Each structure stands twice: as structure tokens, then as C-alpha cells.
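Undergrad: one predicted model, sequence on top.
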Amino acid sequence: MKTIFVFLADGFEEVEALAPVDVLRRAGLTVETVSVMEGPVVVGAHGVPVVADSMFGDIALEDAQMLLLPGGMPGASNLDAHEGLDSMIRVFASEGKDLAAICAAPLVFGKRGLLEGRKATCYPGFEELLKGAEYTAALVEQDGNIITGKGPGAAMDFAFAIVEKYVGIEKVKELKQGMMIKD
């Protein structure tokens with residue numbers, strides 16, 4: 001089974017990374033956190049250290065089902081500056097494969113022109129970086145192979161949109177019930 005890679009850089013928004021990891025794993029999806037830093041310990045925007053499952057140099061593009069970028073600052077900027085991740089995103093986009101980003105992180109896709117002509121959302125104040133996108137301000141927006149989320153408060157809905165894409169709405173309903181989330 002292919003893997004959803006969740007990329008972590010210092011300054012990432014903890015809720016936007018870990019809520020999706022938790023929900024996607026509950027749904028039975030294969031998820032791996034990936035450090036783009038020098039070591040496996042990545043420190044979130046609020047000082048929470050997280051030990052990533054893998055280092056960027058140890059993953060293979062052909063193993064990926066989706067590339068997921070959590071927001072937070074300077075996390076999103078650190079992801080944007082990573083050359084290896086840039087190459088991986090460009091290959092995925094050219095092949096029409098699945099991409100997801102939340103909060104400030106959609107700027108990574110926007111700066112590369114990947115959102116042109118698509119509906120997208122992001123944290124308020126970053127919309128000018130979504131080059132050519134139709135900014136909707138929705139909590140979650142899915143347009144083709146790209147899912148974007150607005151911010152920390154949208155992390156669960158963002159995760160459920162990914163679950164629905166891969167395993168369907170019935171699994172989302174089951175998860176929400178088990179997690180005590182009103183539908």
C-alpha cells in the first residue's frame with residue numbers, strides 16, 4: 001500500500017500535522033511523518049518536539065500516495081525552501097498525483113503555480129501567495145488532486161476530507177462517531 005507522507009519542518013503547526021496523522025491512521029491509511037531537517041526531531045511552532053518516522057533522504061517518491069504539508073510559521077517557509085521537497089512536489093503535480101496543504105502551507109503550491117485556475121483556501125493573509133487560485137475562505141477545499149485547509153481549526157475537517165477521498169464517507173462517519181464528533 002502506498003504511503004501518505006506528512007512533511008515536518010521546524011515551526012510546523014502541531015495540530016495541523018498530528019490531527020491528520022491520527023485520523024488517517026485510525027482510518028487504516030499508511031502514514032509516515034518525514035523530517036526535512038538535519039535530524040529526526042522536529043520542533044513545532046509551539047515548542048512541541050516530534051520524532052519523525054523517517055528522514056527526507058530515506059523516502060522514495062514511488063512509495064508516496066499523497067504529499068501532505070502542515071502549516072505554521074516558519075514551518076511552511078522551511079518546507080517551501082527545501083529543494084528535495086520542491087522536486088518531489090513538482091513531479092507529483094506533473095503526474096496529477098495527490099497533494100494536500102493546510103494553513104500557510106498552500107503557499108508552497110501557490111508559489112509554484114500549482115493552484116492556478118483551482119479553488120483553494122489557506123490561513124487569512126496568505127491568499128496573495130496562492131498564484132492564480134480562486135480563494136474561497138472555506139475550511140477545506142478540494143479541487144481535483146489538491147486538498148487545502150484554512151488553519152488549525154480546520155485540521156479535523158481537512159483530515160476527514162482525505163479519509164473520504166481514499167476510503168469513503170462511510171469511514172468518515174464511523175470515525176466521527178467513534179471520536180465523539182458531531183456530524
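TA: All right, it came through fine. Numbers count the residues shown, from 1 in each chain.

Undergrad: isn't there a strand covering Ile147?
TA: Yes - judged by DSSP: H, G, I helix; E, B strand; the rest coil, Ile147 forms part of a strand.

Undergrad: ok, for it, nearest residue in space, not its chain neighbours?
TA: Nearest residue to Ile147, sequence neighbours excluded (CB to CB, 6 or more residues apart in numbering): Ala100, at 4.3 Å. To be clear about C-beta, it is placed using only N, CA and C from the backbone, and glycine gets the same treatment.

Undergrad: partners of the host helix or strand of that neighbour, with directions?
TA: Counting by DSSP states H and E, the element that carries Ala100 is strand 98-102. For strand 98-102, the paired strands and their directions (DSSP bridges) are strand 64-69 (parallel), strand 146-149 (parallel).

Undergrad: against Ala154, how distant is the residue nearest to Ala138 when sequence neighbours are not counted?
TA: In space, Ala138 comes closest to Thr121 once its chain neighbours are excluded; the distance is 5.0 Å by CB to CB, 6+ apart. To Ala154, Thr121 is 8 Å away according to CB to CB, to the nearest Å.

Undergrad: just Gly39 next, same as before
TA: On the measure of CB to CB, Gly39 and Ala154 end up 30 Å apart.

Undergrad: got the phi and psi for the closest residue to Lys97 other than its chain neighbours?
TA: Distance criterion CB to CB, 6+ apart; nearest residue to Lys97, sequence neighbours excluded, is Asn145 at 6.3 Å. Note on Asn145: backbone dihedrals following degrees, to the nearest 10 are phi -90, psi 10.

Undergrad: Asn145: how many residues sit nearby?
TA: Number of residues near Asn145 (other CB atoms under 10 Å) recorded here: 17.

Undergrad: you'd agree it is up against Asp98?
TA: Yes - between Asn145 and Asp98 there is a contact at 5.0 Å, judged by CB atoms under 8 Å.

Undergrad: for Lys182, report the pLDDT, please.
TA: Reading off the confidence values, Lys182 has pLDDT 87.
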